[in-house]
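Visitor: fold the stuff below for me.
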Amino acid sequence: MSDASYRDAIFSTPLDRVARFSFDEQVVACFPDMIRRSVPGYGQILGMLSLIAQRHLRHGAQVYDLGCSLGASGLALAGQLSPDAFRYTGLDLSPAMVERARQTFETECPDHRMQVVESDIRRFDYQPCGMLILNFTLQFLPPQDRDALLARLYDCLEPGGVLLLSEKIIDADERDNAWRVERYHDFKRANGYSDMEISQKRTALENVLVPDSLDAHHARLKNAGFTRSLTWFQYMNFASLIAFKEA
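Guide: Sure, this is the predicted structure:
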């Protein structure tokens, strides 16, 4: 199958009714291209995961990747860390994502301890772990469920462990927020998306992806128990935070 077969063209034709966005087989088929052309800085965030793990992850510790999609975070870790350096569990609610991620790990890193579980991240039975990854996942949960999840994650994280949270964000200042959104749309146009695709995708994500401000994220992490968190990366209206559980 050619690379063109995997190009994101889901919203390239006019739709009488734009359905709510979901991570179905159609999205799975083009997901790498969709992420590459839609999420500024995604590659840089993935590239830093193993470096952060080398500094903060206890050797052999459990890593949870919540909303793992096709397992890109797990691959990033396995590509730089030895098979005995960590145990990885990816969680995703999409059966299509889970199947593809399992196949990918079996092919790309068979010597690493990698598993993928089809599960709702709000109800999974977490065991003690050294690292938690939420790359563009929390934003898809109902806002009223986010505090409780982070509190549970804080409890299962080992002292000295870290939580990585990457999210699309909003600015508290409406004028600044509008500027960031406009530049983000410019970014998507530069990556080949048409105005129609941008508009229809935005409609599909309405009330599905609900972003927060950076201040809201840091406040939520503090309420969960983290005494220290910082924004280590930001590219327009996308950012990544790290929260530390003190040893």
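Visitor: all contacts plus neighbour counts: C-alpha atoms, from now on.
Guide: Will do.
Visitor: relative to the longest strand seen in the chain, what are the paired strands and their orientations?
Guide: Scanning the chain for the longest strand, with DSSP state E as the assignment, gives strand 157-168. Here strand 157-168 has these sheet partners by DSSP bridges: strand 129-135 (parallel), strand 238-244 (antiparallel).
Visitor: how far does the first one sit from the chain's center?
Guide: Computed by Cα atoms, centre = their mean, to the nearest Å, the separation of strand 129-135 from the middle of its chain amounts to 11 Å.
Visitor: just the strands paired with strand 157-168: most buried one?
Guide: Mean neighbour count, computed with mean count of other Cα atoms under 10 Å, is highest for strand 129-135 among those, reaching a mean of 24.
Visitor: pLDDT of that strand, averaged?
Guide: For strand 129-135, mean pLDDT is 98.
Visitor: same deal with stretch 181-188?
Guide: For stretch 181-188, the mean pLDDT works out to 93.
Visitor: also stretch 119-126?
Guide: Here stretch 119-126 scores 97 as its mean pLDDT.
Visitor: for that stretch, buried residues please.
Guide: Across stretch 119-126, burial judged by 16 or more other Cα atoms under 10 Å covers 119, 121-122.
Visitor: so which of the residues you listed comes closest to Gln44?
Guide: Nearest to Gln44 among those: Ile121, at 24.9 Å, using Cα to Cα.
Visitor: am I right that the closest one sits in a helix?
Guide: No - Ile121 sits outside any helix when classified using DSSP: H, G, I helix; E, B strand; the rest coil, being coil.
Visitor: any idea how far it lies from Leu153?
Guide: With distances taken as Cα to Cα, to the nearest Å, Ile121 is found 10 Å from Leu153.
Visitor: so what pLDDT did Met196 get?
Guide: 73.
Visitor: Asp24 now?
Guide: pLDDT for Asp24: 63.
Visitor: residue boundaries of the helices in the chain?
Guide: In the chain, the helices defined using DSSP state H lie at 25-38, 42-56, 72-78, 95-108, 143-156, 174-190, 195-205, 214-224.
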